[in-house]
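Student: Structure, please.
(chains A and B, ligands or ions: 2)
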Amino acid sequence: MGRAFHLARLELKRYFADRADLAFGIALPIVLFAVMTGALGENAGFRATMHVADLDGGPLAHRILGQVNDSESISVRRYTRDELADALRRTAILTGFVIPPGFSASIESGIPASIVVEQRGSGGDEGQIVVGVVREAARKAVSAIELRRAIGVLAGDSAGDERVDEVVQQLLTEAHHHPSVEVVTDPMHVPEASELDRLLAGIVVMFLLFSATLSARALIAERRSGTLERLVTTQLSPGELFIGKFLGGVGRAMVQSFLLLGLAFAVLGVAGPLAFAQCLILALVVAATVTSVGLVVAALARTDEQAAFSAVLVTMIMSVFGGTFFPTAGAGWLEVLSRFSLNTYAVDAFMGLFSGTGRLADQELELAVLGGVAITGLVIARTMFRVSSSPLQS
Amino acid sequence: MDTYLQAEALAKRFDGVAAVDGISFVIRTKEIFGLLGPNGAGKTTTIRMLSTILAPDAGDVRIGGHSVIHERDEVRKRIGVCPQELALYPELSAFDNLVFFGRMTGLSGRAAKARARAVLAEVGLEDRGGETVKKYSGGMKRRVNIAIALMNRPELLFLDEPTVGIDPQSRNKIFETVLGLRDEGTTVLYTTHYMEEADRLCDRIGIMDRGRIIAVGTPAELKRQVGDPARTTLEEVFLRLTGRKLRD
Ligand SMILES: Nc1ncnc2c1ncn2[C@@H]1O[C@H](COP(=O)(O)OP(=O)(O)O)[C@@H](O)[C@H]1O
Ligand SMILES: [Mg+2]
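Tutor: Numbers count the residues shown, from 1 in each chain, chains lettered A, B, ... in the order given. Ligands and ions are numbered 1, 2, ... in the order given. Sure thing, here's the model as predicted:
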């Protein structure tokens, strides 16, 4: 048995010595992580700019711009009249705002005044939204002034200005705390987060399967070159040889899992050593499963080319139908097919743990399927395991 | 002289065709025995049966008194096998290869390292043992391939065409190594299709053709069958025996 461990250790040593293997199994998925995270992170929030020439500079204009700037998604950028016109002409911007001179004073004294919107074409989606936000801010600011004037009129001259101010302030504060109409946004973080969860889990599993099945080629090469025969003429039994190769494969997959899962945790911001430990235990089961699939490929394939082809085919089919790139639940026949993919179970189980709340013990079905495949694969691979490429082997 | 290996009526068929067709011969203790024959003669198949890899269809072999069929483990303790192909891990250093195979034969870590250093010196690679085998020349790779077979200090060493396609320098180093091993008491089975190599190196030669051993003897004895040993080559012996040239 000690010999099987030495053999497994050698496999790990060979893994670290093979740069191409490392690049494919670790660097490539890391690059994919980065691309996917970037792609999914982009639509996280809406950001826009209000391009404005404030020719008024009065208190009301100031208040409106302040309000727009305070909104989470829109920032204010100031221009001179000429700069704004120029930017519009160059199509650097599609929507510009001009607050005319005397705007604040005019409104204060009850004479209507406008903020002018200058647009190229429709002004673009972003422009439309900014216009809406500015209109809302203007209405809010102006309504305070109108309210004040209305109360002043109703109270006549008998009430002092101070008293009117006080009432207006009170009403506004009241309205602020208990608005009659309110639009509440309910941020749907859940579906977005789980999309990233799925992709990262999917990439981890896909590359584990890729590496494990592709390593079948190395085993076939060893069978052809005679290292396996040579090992048998030392005192290693074919059984020990098989176990050593299996343990070596599991070791390689665990190195890969440790690095990729660590990175996935960092990207997803999943906290907690407990969640990570559970992920590693799950990774051990997945490693055993993919290694056993790899050994089956090595047992069935006769040539290098057959092995490479089978590895790519198995990995791609399992990954595509296994919910790596898109969810398959509720997708009719796709969901039925997905039940035959290992990746479905592995990805589901990892996603459960990525959420930070799931427990490994709850993933009974997934663990059972993965373990079952691992054992079945090992039995098949062991039965068909050949040390020599000659058809008639002792 | 004692007999170290005794093969009796050894046979192997592949897909109904006899690769080895009932051969019997002995190898004496501490001699270099050559199996000389063209490609496809059955040399490698013979070695694979002698070294417990391939089960014979018929016959048996005793090595150091033990049957390759019934006492495989006893036999495996006594033999070192250097296969025709490079059977090693090119992405690792020669030293790491040696230590690994040494451990597989049952050496402790420390013993395997000490033995690896000694064996590297024996094949003339003591200065370059730390480099990955991938970077070696063909001849150096072959020397590592041989060195691996020496890790367990075998009583009987199988060398299957160890000099195919290598530079003269490595070839000479290999000859030197083989002769040195014989002098230290190792018995060697050496296969080749180069007749001058067999002539120069081997104490006794079995000429093999189409699965059969058609003549056995010292180089001089074999040549005497054709004419004056001093003026005859093994090539001519082969031609006389088979009606064909050795290299086709
Ligand atoms: N594994 C095998 N399967 C089928 N035929 C084989 C196998 N190994 C050897 N042979 C055949 O047996 C014959 C002897 O081969 P081999 O022992 O390799 O000869 P040599 O080593 O003298 O070149 C050849 O005809 C070869 O094609
Ligand atoms: Mg051969």
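Student: Let's check: the centremost residue of the chain is which one?
Tutor: Using chain A here. Of all residues in chain A, the one closest to the mean position by Cα atoms, centre = their mean is A:L196, 2.6 Å from it.
Student: right idea, wrong chain: chain B
Tutor: B:L159 (2.0 Å).
Student: Quick check: next helix or strand after the helix or strand containing it?
Tutor: B:L159 is part of strand B:156-160 when elements are defined by DSSP states H and E. The helix or strand immediately downstream of strand B:156-160 is helix B:168-184, counting by DSSP H and E.
Student: CA atoms only: put that next one into CSV for me.
Tutor: The C-alpha atoms that make up helix B:168-184 are tabulated as CSV, following Å, rounded to 0.1, in the frame of the first residue of the first chain:
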residue,chain,number,x,y,z
PRO,B,168,28.9,6.4,-30.5
GLN,B,169,29.9,8.0,-27.2
SER,B,170,26.8,6.8,-25.4
ARG,B,171,27.1,3.4,-27.1
ASN,B,172,30.7,3.0,-25.8
LYS,B,173,29.6,4.1,-22.4
ILE,B,174,26.9,1.5,-22.4
PHE,B,175,29.3,-1.3,-23.4
GLU,B,176,31.6,-0.2,-20.7
THR,B,177,28.8,-0.3,-18.2
VAL,B,178,27.6,-3.8,-19.3
LEU,B,179,31.2,-5.2,-19.1
GLY,B,180,31.7,-3.6,-15.7
LEU,B,181,28.5,-5.2,-14.4
ARG,B,182,29.5,-8.6,-15.7
ASP,B,183,32.8,-8.2,-13.9
GLU,B,184,31.0,-7.4,-10.7
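Student: What are the buried residues along it?
Tutor: For helix B:168-184, the neighbour count (16 or more other Cβ atoms under 10 Å in any protein chain shown) marks B:170-171, B:173-174, B:177-178, B:181-182 as buried. For the C-beta atoms, the positions are set from N, CA and C on the backbone; glycine is no exception.
Student: and it, what does it pack onto?
Tutor: Counting contacts by 3 or more Cβ pairs under 8 Å, 6 or more residues apart in numbering or on different chains; DSSP states H and E, helix B:168-184 is packed against strand B:32-36, helix B:109-122, helix B:138-150, strand B:187-192, helix B:195-201.
Student: tell me what the fourth one is packed against?
Tutor: Under the contact criterion of 3+ Cβ pairs under 8 Å, 6+ apart, the helices and strands touching strand B:187-192 comprise strand B:3-14, strand B:17-28, strand B:32-36, helix B:43-50, strand B:156-160, helix B:168-184, helix B:195-201.
Student: The helix or strand harbouring A:Q169 - contacts with which helices or strands?
Tutor: Using DSSP H and E, A:Q169 sits in helix A:161-177. Contacts defined by 3+ Cβ pairs under 8 Å, 6+ apart place helix A:161-177 against helix A:124-155.
Student: buried stuff in the helix it packs on?
Tutor: Neighbour counts over helix A:124-155 (16+ other Cβ under 10 Å) mark A:126-127, A:129-131, A:133-134, A:137-138, A:141-142, A:144-145, A:147-149, A:151-152 as buried.
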